[in-house]
Structures are given as structure tokens and as C-alpha cells.
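Engineer: Here is a sequence together with a model predicted from it:
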Amino acid sequence: MSAVEDVSGAGAGEIIVIFDQATVDLDALQRSAYAVAADMTVDIRLRGMDYVCTLFACHSGADDKLKHRFRAEVNDQILRARIAKETEPLRNLVFALAFSQTGLVSAGGADEPGAEDVAAPEAET
Amino acid sequence: MIKLERASTTLAPYGWQLLPMRFHHLDADSAILTNMVGEHVFVTPDELVAVVDGSCVDQEVLARLRAAHLIQIPGETLPAELLAIKLRTKMRGLSDSTALHIFVVTLRCEHTCRYCQVSRQSSAKSEFDMTEETARRALELAFRSPSPRLKIEFQGGEPLLNFPLVRWITDEAKRMNSSHGKDLAFVIATNLALLDDEILDFCADEGVHISTSLDGPQELHNGNRRRPGQDSWQQAVAGIRRVQDRLGQDRVSALMTTTEASLAQASEIIDSYAELGLRGVFLRPISPYGFALRGRGGANYDVSRWLDFYATGLGRIVELNRQGVPMVEIYASIIAKKMLTNTDPGYVDLASPAGIGIGALVYNYDGGIYASDEGRMLAEMGDHTFKLGNVHDASYADVMLSDGLLNPLMESLALSAPMCATCAFETYCGADPVFHHATAGDFIGHKALSAFCQRNMGVFTLLLRMMRDDPYFRKLMRRWAQSC
């Protein structure tokens, strides 16, 4: 799902995984780094057209296992971002339908006691 | 006879639209897809990618996804409407806060349990008893709750050490309720050591439910729960039998707390409940509060060891059910309700928005009001973050609109928390700002490092794998979903 290249043994204790910027969003990498924090910390740097991710293991373990874990997480985050983007309008529609009929929001608005205390939201431009 | 032609349900590639969904890999060959209300479908990782890509040709998979509101045919409006109705149904309890009101009628206790989370006091020190005036003010606040149901739970310490106040609160609550008409229930959380005929008569007359502690077999229980004479287990077992005989089998329930000594005895713990005719076991990990954190508090194990314990205990419960002994694992039943129905069980620890304040309020013996029992325990350790005021000078609005309640509720909302927002289990899980405040120093915590997250992910994954692989267990979960 993502173009990946890796370079092992770049420095003592460092594991490097490289992603092509054209196929992987920085957001997906950052979310992945957050999600794998129990196993590793990740340094992400832009080098030319690549994101260079340096993995630092929290515990001693196989380098390959860490790389697979990080790559799998990046792939999942890319898929999640794609689903979220495609379904966002429907998600908002469901929330709007669900909470527009709760009775918590008054159709009368300004006629309600205390309504004068609530500033009207400004229209977004 | 007119024969109706069924419309073709075959979906061509790219002939569907994704509905909001989240996924989680259960193992190398299986993933779960959940919709906005937690309805789920098992797929393979390849099927997951094919569905998102639009290239899936397996009509059986597509039919299951469509039935679970995970995909729809472009232009359809019904799936979004049905999801909205189900979502609103799940959330309907929010406007009915607060149902559970916990009265700490005394801090005194004659037990010295090694994992006790509260600051127990010697049973002679009556200055740690709640007064009638404090109880009256607390009741007035409780009756301001919009909830049509009020459950008043008496806690301690050992609440039966202040039994006259338990009786007074019950009478006063019933008197107040004559003008409110709420569905009123009472629970005494007691170790049963002080149970006598007068208390049993009272429970019988007033319909009071008894909740007690039973950690398992005699040696384990007495090792955890110490009292003069080292006979806590004997007292608890005798008390459970007396309540069952006098009030009925279902008027007493028991809770256990997992200490390190419990980990190797999961099946024995379950069997000790079955022998007493108790139909529910709540396999609870120790909470990271109070005396439990001391070296000898029993909390010296990690989440993975607890999950092994939970799996063994759950396995034994399923085995008993197969043998015709009906028994429920309470935590699994709460999750079953969240996974398999559109009704939220209202369990405070698995709620988002969190259950603090809106699910339960705690009135301490001195009138202090807390957002949860764990919040009170933190206060006993010197952290007053979850203290919302005092019954003697706070109004209901002061309490429910206080920054001390609204800030943790808003900040911890799972739908906007990192990792939770995209987690397939978000609708099954909760926010628990008290746990994360106690362990991580903020209301959200870092979920990749959170024991709460690790534990619940482990339980959800275990239950889902068992439901996927064992039709009997799936049927059992459907039955349990109706039991809480």
C-alpha cells in the first residue's frame, strides 16, 4: 500500500525505514509513531522526496520485528485516513440526524429562557 | 397468486459506497469492522482492502457488510437514518443523569484489607460517620437529578457500622420520593460480618439489595481481607447464605478483586462462586488507588498476567454454562450489551462521555461530593481533582456545571481522543479520566502506554475471537447481553 524502502544498521541502536513522500502522508506517519509508542519512539525527517523514519526500540528486540510493526501501523493509518476521508460527509450526516431530534436543542432558540446568555455562532467563511 | 420479483442484490465492483467504519486486526488472518454504533463483521485483511478499494467481488462478504451498515448503494438514505436512530438510542441515557448516588455513611471498618482503596478508620472513631444533616443535604441533591431512576448505594468503610443512618436515609429517601415518583432502589455494599436479623428484616421490608466481596476460596480470601479472628471468608459465606435463604437467591451479589495471589486460581475462584449458587462473577483487576499501591497491596502484576487470568476464568465460566450451570462474567456481559444491542448498560468505567458525575455521584461522610468513588480515593491520597463541592454549600447546578466535572468530561471524550477516535472498539470502550489522571497525570493519557487501553483491548479482542470461533459462546454473549 505504501512505497517503502529500509536501511538497516544506519547507526548504533538505530533502525531506519524510508517512505516515499508521494505515497505516504506525514499525518499517517505521525499517527503511527504515536500508536507504537509502547514499543519504540520514532524520529521523522524529510530528506528530498522521502520521509526518513528512525526507530528507537524501547526494549531489546529484533530489528525486523520493529520495522514490520511500524510498516503495518503506517499501512493501517493510511487505510484509516482513506476511509475517514471518504465517509466524512456521511458521518457528519448521521451525527446531525442523531442529535437534531434529542430535544436538547430548542427550535425556538431566542424565545427560550436564558437564550440571551448564549452568543450566536458566527457564520464560517 | 402474484409472485414478487426480488431486486438483484448483486453488487458490481465499485458499486457501493463506504459508510463510516473502523477496523482492528484480531490476528494475521482476521480483522473486525465496526460501524458507528458498534455493529461488527469479521473479514480477512484482503477482504478489508478489497472493500475499501472497491474491488471486492465476494457477494457474501458485501451482503454482510451492507446488512451491518458498513457499506451502502449510492443514493440510499435508509442506512444513515437507521444509524442515527441507533446512535440516539445508545446515547439516550445522557439526558437522564445521574442514576447512582453513593453514600459513604462511615469511614470506619473492622476489616484491614490489603488492597483497600479507602482511608479506613478504627471502628471506634465515630467522628468519621456521616450525620443526618449531611445525609439530608445529599439526598436533596440526589433528588435534583433528572434521572427517573435513583439507586442509593451505601458504602464505607463498612456501612453496617453506621446502620442507624442507613435506615434513616432509606426512610427519608422514600418520604422525599412521595413527591418525585422516581424508581428508587437501595444497595448496601457490605462485607457481611455484621449482618444480623434486624438488618435482614430491614432489607426484606425495604427491598434492599446486598453487594458483598468474595475473593474466592477461603485461604485466598482471608489472605486478602484481614479482620480480627481471620474469619472474613467464613463471615462472608455465612452471610451470603443467610441473605439467599431470607431474601432470595438473586438479592445478593458478590465482587472479587484480583491480587497477585489470585492469578493462579482463576478456576478455583469461579468454582467458589458456583458452590454458593452465585450466578455472576466480576473478574476485576485491582484499581491503582489507595493502599493497593503499597508493596503488599496485591497490585504487583501487569496487564498481560491479568488478561491470562481473565481468559482462564472466562473459560471456566463458559465450561460451567455448557454443563448446565448458568453463570455470567459481569464484565463480559456489560461489553456484550455494548457489542450486540443498541442499549448502553450505563457502566461508569466504560462510558464516553465518561460516567463521572453524570453516571454516579459520591457523597463522602463529611459532605464532600465526588465525581466517582475512585475520585474520592484519590482525595484520600491528597489529590482533590475530582472533588466537586460540599453538600452543605453547593447547589445541584454548582456541582453539575463545575469545571471540576465538565473539564475532565470534555477533555477525555473518546471520539476526539488520539487513537480512540479511530479505534474499532471506541463504542465498546470508555474514557475513564480518573484512571488516566491517576496514572498519566492528565485526563486522556497516552493510549499506547495506558493500562486501561491495553486491558480493554485485550478483553475486547478475546471476546471477539471467541465469538468468531465458537457459536456457543456467541449465543452465550447474546444471552448475557440481556442480563445486565
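Structural biologist: Thanks, I have it.

Engineer: Helix or strand next in line after the lowest-mean-pLDDT helix or strand in chain A, which one?
Structural biologist: Ranking every helix and strand in chain A by mean pLDDT, DSSP states H and E puts strand A:4-11 at the bottom, with a mean of 52. Following strand A:4-11 in sequence order, the next helix or strand is strand A:14-20 (DSSP states H and E).

Engineer: List the strands paired with that next one, with their directions.
Structural biologist: Using DSSP bridges, strand A:14-20 pairs in its sheet with strand A:4-11 (antiparallel), strand A:50-57 (antiparallel).

Engineer: Excluding covalently adjacent residues, which one is nearest to the residue of the stretch 51-200 of chain B found nearest chain A?
Structural biologist: Closest residue of the stretch 51-200 of chain B to chain A, C-beta to the nearest C-beta: B:Ala84 (3.4 Å). C-beta coordinates here come from the backbone N, C-alpha and C atoms, glycine included. Using C-beta to C-beta, 6 or more residues apart in numbering or on different chains and skipping residues adjacent in sequence, the residue nearest B:Ala84 is A:Leu97, 3.4 Å away.

Engineer: what about the helix ranked longest in chain A, average pLDDT?
Structural biologist: Assignment by DSSP state H gives helix A:63-99 as the longest helix of chain A. Here helix A:63-99 scores 91 as its mean pLDDT.

Engineer: got the angle between that helix and strand A:50-57?
Structural biologist: Going by axes from the mean of the first three to the mean of the last three C-alpha atoms, to 10 degrees, helix A:63-99 is angled at 110 degrees with respect to strand A:50-57.

Engineer: List the buried residues in helix A:63-99.
Structural biologist: By neighbour count, with 16 or more other C-beta atoms under 10 Å in any protein chain shown as the criterion, the buried positions of helix A:63-99 are A:63, A:66-67, A:69-71, A:73-80, A:82-84, A:86-87, A:90-91, A:93-95, A:97-98.

Engineer: in the stretch 51-200 of chain B, which spans are helices?
Structural biologist: B:59-67, B:78-91, B:132-142, B:163-177, B:197-206 (DSSP state H, counting those that start in this stretch).

Engineer: Which one, of the ones you listed, ends up nearest to B:Gly38?
Structural biologist: Comparing the helices of the stretch 51-200 of chain B against B:Gly38 with C-beta to C-beta, the closest turns out to be helix B:78-91 (8.1 Å).

Engineer: number of nearby residues for B:Leu200?
Structural biologist: B:Leu200 has 18 neighbours, counted by other C-beta atoms under 10 Å in any protein chain shown.

Engineer: just to revisit the earlier point, with mean pLDDT as extra columns, can I get the helices of the stretch 51-200 of chain B in JSON lines?
Structural biologist: JSON lines is the format used below for those (pLDDT from 0 to 100):
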{"stretch": "helix B:59-67", "mean pLDDT": "96"}
{"stretch": "helix B:78-91", "mean pLDDT": "93"}
{"stretch": "helix B:132-142", "mean pLDDT": "98"}
{"stretch": "helix B:163-177", "mean pLDDT": "98"}
{"stretch": "helix B:197-206", "mean pLDDT": "97"}
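
Engineer: For B:Met410, which of these is the nearest?
Structural biologist: Here helix B:78-91 is closest among the helices of the stretch 51-200 of chain B (C-beta to C-beta), at 15.8 Å.

Engineer: Stretch B:60-76 spans what distance, first to last residue?
Structural biologist: When the termini of stretch B:60-76 are compared using C-alpha to C-alpha, to the nearest Å, they are 20 Å apart.

Engineer: likewise stretch B:377-385?
Structural biologist: 11 Å.

Engineer: same deal with stretch B:137-150?
Structural biologist: Terminal-residue distance, stretch B:137-150 (C-alpha to C-alpha): 16 Å.

Engineer: Quick check: which ranges of the stretch 251-400 of chain B have low pLDDT?
Structural biologist: B:290-298 (pLDDT under 70).

Engineer: Quick check: residues of chain B near chain A?
Structural biologist: When proximity is defined by C-beta under 8 Å from any C-beta of the partner chain, chain B lies next to chain A at B:17-23, B:25, B:36, B:48-49, B:52, B:80-81, B:83-85, B:87-88, B:91, B:95, B:418-419, B:422, B:446, B:448-449.

Engineer: Going through these, which ones are buried?
Structural biologist: Counted by 16+ other C-beta under 10 Å, the residues of chain B next to chain A give B:17-23, B:36, B:48-49, B:52, B:80, B:83-85, B:87-88, B:419, B:422, B:448 as buried.
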